[in-house]
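> Would you be able to build a 3D model of this:
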Amino acid sequence: MTNTPTGLAGRVVVVTGGASGIGRAAALRFAAERAKVLVADLNREGAGEVVREIEAADGTAVAVAGDLSEQSVVDTVVERAVTDLGGLDVLVNNAGIMDRMSALGETDDAEWERVLRVNLTAPFLLTRAALPHMLDAGRGSIVFSASEASLRGGVAGAAYTASKHAVAGLVKSLAVTYREHGIRTNAIAPGPTATSIRVDASPDARGPALIGRLIGATIGRMGSAEEQAAAIVFLASDDAAFINGAILPVDDAWAAV
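Take a look at the predicted model:
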């Protein structure tokens, strides 16, 4: 039996949050499939290191550093993908941050606005900028990193949970709206994964005390960034050509509990 080709060789892939964790693993895996990769991240040095690692393996990659909730940075990402790499075929909206596990009554304006800006507004802006290029090409694949918090209410605080539920809705809206144009949109919903993301939670707050008990009673093993990246690359590839609008739990059955 021969393997089904992923169809990713030569395609241009933008990965946000690509300097570390799931984003880094995804960027390296796309490069291993011979895709050309743009690594976007706030961390300029980290993004550059990933590019150098890809280039050392005879791959093609560029880095763009900046805050993707700023339109000028979004414009630079899309422009560099098109001019330096030749197009924009796959967009991986992976960059995100956690909240402080705050219950709604404990969530201040700054926490709410920061989490929504990074987790929802930034991928909205980048997807909007990428769509014209995919529409012109008559094809494209968009993959979001959603979360178990897209599926339930007992995984994170109010801001993060709201942002990831919104991401799930955005995925489904995009999938329905653009399927006739050859553009697919899906998301992974990672379970607990070993990455560099940390939660700055106040131990005496209501949210962490309650959520910690719920998580501890339901999760399985800790996953790896590479396992999440494998699911991202699959959803972006031609192997998943008939999958559109899916929120795929990658969580050792956490969503099934």
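
> Give me the contact list for the strand or helix carrying I22.
In this structure, I22 sits in helix 21-32 according to DSSP states H and E. For helix 21-32, the external contacting residues (CB atoms under 8 Å, 6 or more residues apart in numbering) are 8, 13, 15-18, 37, 39, 41, 46, 50, 53-54, 57, 59-61, 90, 92, 94-95, 145, 190, 193, 195-197, 224-226, 228-230, 232-233, 236. In this view, the C-beta of every residue, glycine as well, is placed from N, C-alpha and C.

> and that helix, what's its mean pLDDT?
Computed over helix 21-32, the mean pLDDT rounds to 98.

> Put the alpha carbons of stretch 86-103 into CSV.
The C-alpha coordinates for stretch 86-103 follow below in CSV (Å, rounded to 0.1, in the frame of the first residue of the first chain):
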residue,chain,number,x,y,z
GLY,A,86,5.6,32.9,-3.5
GLY,A,87,2.1,32.8,-2.1
LEU,A,88,-0.1,31.8,0.9
ASP,A,89,-1.6,28.4,0.8
VAL,A,90,-1.9,27.4,4.5
LEU,A,91,-2.5,29.6,7.5
VAL,A,92,-2.0,28.2,11.0
ASN,A,93,-3.5,30.5,13.6
ASN,A,94,-1.7,29.0,16.6
ALA,A,95,-0.5,31.9,18.7
GLY,A,96,-2.4,32.3,21.9
ILE,A,97,-2.1,33.1,25.6
MET,A,98,-3.8,31.8,28.8
ASP,A,99,-5.8,33.9,31.2
ARG,A,100,-5.3,33.8,35.0
MET,A,101,-8.0,31.2,35.4
SER,A,102,-10.2,34.1,36.7
ALA,A,103,-13.9,33.6,37.2
